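K.L.:
sequence and predicted structure below; questions after.
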Amino acid sequence: MALITATGVSKDYRTEEVTVQALRGLDFEIGTASFVSFVGPSGSGKTTLLNLIGCLDKPTAGRLTVAGTDVALLGRKESAAFRGKHLGFIFQDFNMIPVLTVYENIEYPLIMVQNIEHREREERISRMLAAVGMSDQGGKYPQQISGGQKQRVAIARALVTNPALVLADEPTANLDSQTAYVVIGLMKKMRDELGTTFIFSTHDTKIVGEAEVLFRLEDGRIIDRDAKGGTAHA
């Protein structure tokens, strides 16, 4: 079953003088529990596509269905609610809140987005901290942990809401090679255990090599697809 279906998806950015075609008629499907990378040079449309899938922007044309919902039809509040229920996000700069502890950073979406009651929050956070090997770090602040540990926290925060899909924009860009491989392995482990789909926008050859489905973008189009046992097609 497809978790994401794109049919003729295009995205234009218009000013008074010019129209830029960021995406041009994309057609693809991505299944559940997939490990997928969108790769291509700067300006190829990778981040734009993640923004559309993540309900942070809307296509100019075409149909984009995520978890059974045509996301282009959602209003602003509906989009926010949909993100909170179905999506997690991992960023290259970690996006941790400096005045909150590791525990509180993971807890944040449960309070702000899903309004989970206290006891269940504790159980979920403890489970996620253990899963990413950070059980003894919950009381530390972001400035007290390494970049690799921050990305582990970011993974825990993305997964604590039990999303069907996690979107990761260059998640290993600020990590050394050894740490990057550890983080990628951790995400694959979480995918296997939880059935979560991970979609990456990346230049990183380490992620490209580990992806089970690879879409290559150029000038806003999918020019190639490579599947190594994954569940996606274009």
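P.N.:
That came in fine, so what should we check first?

K.L.:
SS state for residue 222?
P.N.:
strand (DSSP: H, G, I helix; E, B strand; the rest coil).

K.L.:
show me the contacts for it.
P.N.:
Residues near residue 222 by CB atoms under 8 Å, 6 or more residues apart in numbering: 26-28, 215-216, 234. For every residue, glycine as well, the C-beta is placed using N, CA and C.

K.L.:
likewise for residue 102?
P.N.:
Taking CB under 8 Å, 6+ apart as the test, what residue 102 contacts is 129, 134, 137-142, 145, 153.

K.L.:
please repeat the previous calculation with a cut-off of 10 Å.
P.N.:
By CB atoms under 10 Å, 6 or more residues apart in numbering, the contact list for residue 102 reads 96, 125, 129, 134, 137-142, 144-145, 149-150, 152-153, 156-157.

K.L.:
again, but for residue 25
P.N.:
Per CB under 10 Å, 6+ apart, neighbours of residue 25: 6-10, 61-62, 220-222.

K.L.:
could you rerun that using 6 Å?
P.N.:
Neighbouring residues of residue 25 by CB atoms under 6 Å, 6 or more residues apart in numbering: 8, 10.

K.L.:
isn't there a helix covering it?
P.N.:
No - using three-state DSSP, the assignment for residue 25 is strand, not a helix.

K.L.:
now it: how far from residue 128?
P.N.:
39 Å (CB to CB, to the nearest Å).

K.L.:
same thing with residue 206?
P.N.:
24 Å.

K.L.:
neighbour count: the two, which is higher?
P.N.:
residue 128 (23 against 15; other CB atoms under 10 Å).

K.L.:
okay, the residue most central in space within the chain: pLDDT?
P.N.:
Residue closest to the average C-alpha location in the chain (CA atoms, centre = their mean): residue 167, at 0.8 Å. Residue 167 is assigned 97 on the pLDDT scale.

K.L.:
list the helices and strands the host helix or strand of it packs on?
P.N.:
If you go by DSSP states H and E, residue 167 is part of strand 165-169. Packed against strand 165-169, as judged by 3 or more CB pairs under 6 Å, 6 or more residues apart in numbering; DSSP states H and E, are the following elements: strand 87-91, strand 197-202.

K.L.:
can you redo the ones you listed as a markdown table with mean pLDDT, distance to residue 178 and mean neighbour count?
P.N.:
Listed next are the helices and strands packed on strand 165-169 as a markdown table, based on pLDDT from 0 to 100; distance: least, CB to CB, whole Å; neighbours: other CB atoms under 10 Å:
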| stretch | mean pLDDT | distance to residue 178 | mean neighbour count |
| --- | --- | --- | --- |
| strand 87-91 | 93 | 19 | 21 |
| strand 197-202 | 95 | 17 | 25 |
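
K.L.:
which of those sits closest to residue 67?
P.N.:
Closest to residue 67 of the helices and strands packed on strand 165-169, according to CB to CB: strand 87-91, at 8.6 Å.

K.L.:
and the closest one, what does it pack against?
P.N.:
Looks like strand 87-91 contacts helix 147-159, strand 165-169 (3+ CB pairs under 6 Å, 6+ apart).

K.L.:
now do the strands in this protein.
P.N.:
2-14, 19-31, 35-39, 61-66, 69-70, 87-91, 165-169, 197-202, 213-218, 221-227, 232-233 (DSSP state E).

K.L.:
ok, residue 88 - contacts?
P.N.:
By CB under 6 Å, 6+ apart, the neighbours of residue 88 are 158-159, 163, 166.
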